[in-house]
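Engineer: here are the coordinates; sequence isn't available:
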C-alpha cells in the first residue's frame, strides 16, 4: 500500500508538471494570436484608409460633366 501511494504521488507530480508546461504553451499561443489579430486589424484599417483616401481623391478629380464609371 505505501508503494502504491508513493506511485500515485509521483503520478500527480508528473501531471502537475505537464499541466504547467501546457499552460505555458497555451499562454504563448494566446499571445501570438492576440498579436496577429492586432496586426491584422491595424493592417486592414490602414488599407481601408488608403482606399478611402484614393476614392475621395479620384472623386474630387472627376469632371462633373463625366458620368460615373
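Structural biologist: Done, it's in. Quantities reported herein were computed from a predicted structural model and do not represent experimental measurements.
Engineer: low pLDDT regions in this protein?
Structural biologist: Of all residues in the chain, those with pLDDT under 70 make up the ranges 56-69.
Engineer: Could you rerun that using 90?
Structural biologist: With pLDDT under 90 as the threshold, the chain has low-confidence stretches at 1-2, 50-69.
Engineer: can you map out the helices along it?
Structural biologist: With DSSP state H, the ranges of helices along the chain come out as 2-61.
Engineer: middle-most residue in it, spatially?
Structural biologist: The C-alpha lying nearest the average C-alpha coordinate of the chain belongs to residue 33 (CA atoms, centre = their mean; 2.7 Å).
Engineer: Quick check: that one vs residue 25, distance?
Structural biologist: Separation of residue 33 from residue 25 (CB to CB, to the nearest Å) stands at 13 Å. In short, each C-beta sits where N, CA and C put it, glycine included.
Engineer: do the same with residue 46
Structural biologist: Computed with CB to CB, the distance linking residue 46 and residue 25 is 32 Å.
Engineer: Counting neighbours, what do you get for residue 41?
Structural biologist: Other residues within reach of residue 41 by the criterion other CB atoms under 10 Å amount to 10.
Engineer: Distance-wise, check residue 38 relative to residue 32.
Structural biologist: Applying CB to CB, the value for residue 38 to residue 32 is 11 Å.
Engineer: ditto for residue 15
Structural biologist: According to CB to CB, residue 15 and residue 32 sit 26 Å apart.
Engineer: same question, residue 17
Structural biologist: Residue 17 sits 23 Å away from residue 32, going by CB to CB.
Engineer: What of residue 51?
Structural biologist: Shown here: residue 51 relative to residue 32, a distance of 28 Å by CB to CB.
Engineer: and if you look at residue 10?
Structural biologist: 34 Å.
Engineer: and if you look at residue 41?
Structural biologist: From residue 41 over to residue 32 (counting by CB to CB), the distance is 15 Å.
Engineer: again with residue 53
Structural biologist: In this view, residue 53 and residue 32 are 31 Å apart by CB to CB.
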